[in-house]
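Visitor: quick one, fold the following:
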Amino acid sequence: MGDQPLNPQPTDEMLRAPVEVLGGTVQEGWIDYNGHLNAGYYLVAFDDAISPWMDFIGLGTAHREVHDITTFSAENHITYLREIGPEEPYVISVQLLGFDRKRVHAFQVMTQTDDDYLVATCEVMSLHIDGPARRVRTMDDEPYRRLGEVWEAHQHLALPPQVGHVINIRPSVEARLHPDLR
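Guide: Residues are numbered from 1 along each chain as shown. Sure thing, here's the model as predicted:
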């Protein structure tokens with residue numbers, strides 16, 4: 001997408017807050033007929049931000065090649081909060097919500113950087129996968145320890161209101177009484 005990984009390094013300073021992992025500018029070709037970023041490109045941007053995040057937590061390219069593992073997204077939930085238009089800059093940051101030896105639960109935030117407003121969020125569950133077997137596999141000690149370091153800093157952050165959000169519309173009384181819906 002023309003995004004630039006911000007290459008956060010595992011330093012004490014970076015562990016203080018959500019980690020900025022990717023910056024970019026909305027391209028003209030990503031704009032839909034409403035004049036704002038097309039819904040599909042939000043997921044592309046959030047997915048592009050996973051690679052530098054995985055590098056940061058120790059599950060990046062080098063680790064994947066040595067240990068013949070990868071990660072898969074098991075679930076994503078995007079919340080669209082405010083429009084972003086062509087040529088507008090953004091940054092994506094990530095907060096660790098939880099982890100175990102087989103999963104990483106993270107929360108991504110896209111912020112428009114010129115006017116500093118929240119654009120969208122993506123809650124993601126990543127699975128640690130054995131490359132050849134294509135099955136969930138237990139994580140090695142090194143990235144597990146690294147996740148523990150990140151967790152030490154992130155566990156104190158406020159839980160964003162979009163976490164665990166459920167899509168739901170309760171039928172109105174009129175809808176429940178409609179003869180075709182009984």
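
Visitor: in this protein, which spans are helices?
Guide: Secondary structure of the chain (DSSP state H): helices located at 39-57, 61-67, 141-154, 173-177.

Visitor: now the strands for this protein?
Guide: For the chain, strands defined by DSSP state E occupy the ranges 4-5, 19-25, 69-80, 89-99, 103-112, 117-130, 135-136.

Visitor: among the ones you listed, which is nearest N34?
Guide: strand 69-80 (11.5 Å; Cβ to Cβ). The way it works is simple: take the backbone N, C-alpha and C, and place the C-beta from them, glycine included.

Visitor: remind me what that closest one packs against, helices and strands.
Guide: helix 39-57, strand 117-130 (3 or more Cβ pairs under 8 Å, 6 or more residues apart in numbering; DSSP states H and E).

Visitor: any idea which of the helices of the chain is most buried?
Guide: Greatest average neighbour count among the helices of the chain goes to helix 39-57 (a mean of 20), per mean count of other Cβ atoms under 10 Å.

Visitor: find the nearest non-adjacent residue to the residue positioned nearest the centre of the chain, please.
Guide: By Cα atoms, centre = their mean, the chain has its centre lying nearest to Q108, at 3.7 Å. Using Cβ to Cβ, 6 or more residues apart in numbering and skipping the chain neighbours, the partner closest in space to Q108 is C122 (4.3 Å).

Visitor: residues contacting the closest residue to R145 other than its chain neighbours?
Guide: Spatial nearest neighbour of R145, chain neighbours left out: G58 (7.9 Å); criterion: Cβ to Cβ, 6+ apart. If you count contacts by Cβ atoms under 8 Å, 6 or more residues apart in numbering, G58 has them with 10, 142-143, 145-147.

Visitor: what's the spacing between G58 and I129?
Guide: Separation of G58 from I129 (Cβ to Cβ, to the nearest Å): 15 Å.

Visitor: tally of neighbours for the nearest residue to Y117 once chain neighbours are set aside?
Guide: Distances taken as Cβ to Cβ, 6+ apart place R82 nearest to Y117, at 5.8 Å, with adjacent residues excluded. R82 sits with 13 neighbouring residues when counted by other Cβ atoms under 10 Å.

Visitor: if I read this right, R82 contacts L118, doesn't it?
Guide: Yes. Counting by Cβ atoms under 8 Å, R82 touches L118, with 6.5 Å between them.

Visitor: from V104, how far off is G131?
Guide: Distance of G131 to V104, computed by Cβ to Cβ: 17 Å.

Visitor: more neighbours, those two?
Guide: V104 (26 against 13).

Visitor: any idea what the more buried one is bridged to?
Guide: F99, S126 (DSSP bridges).

Visitor: cheers, nothing more for now.
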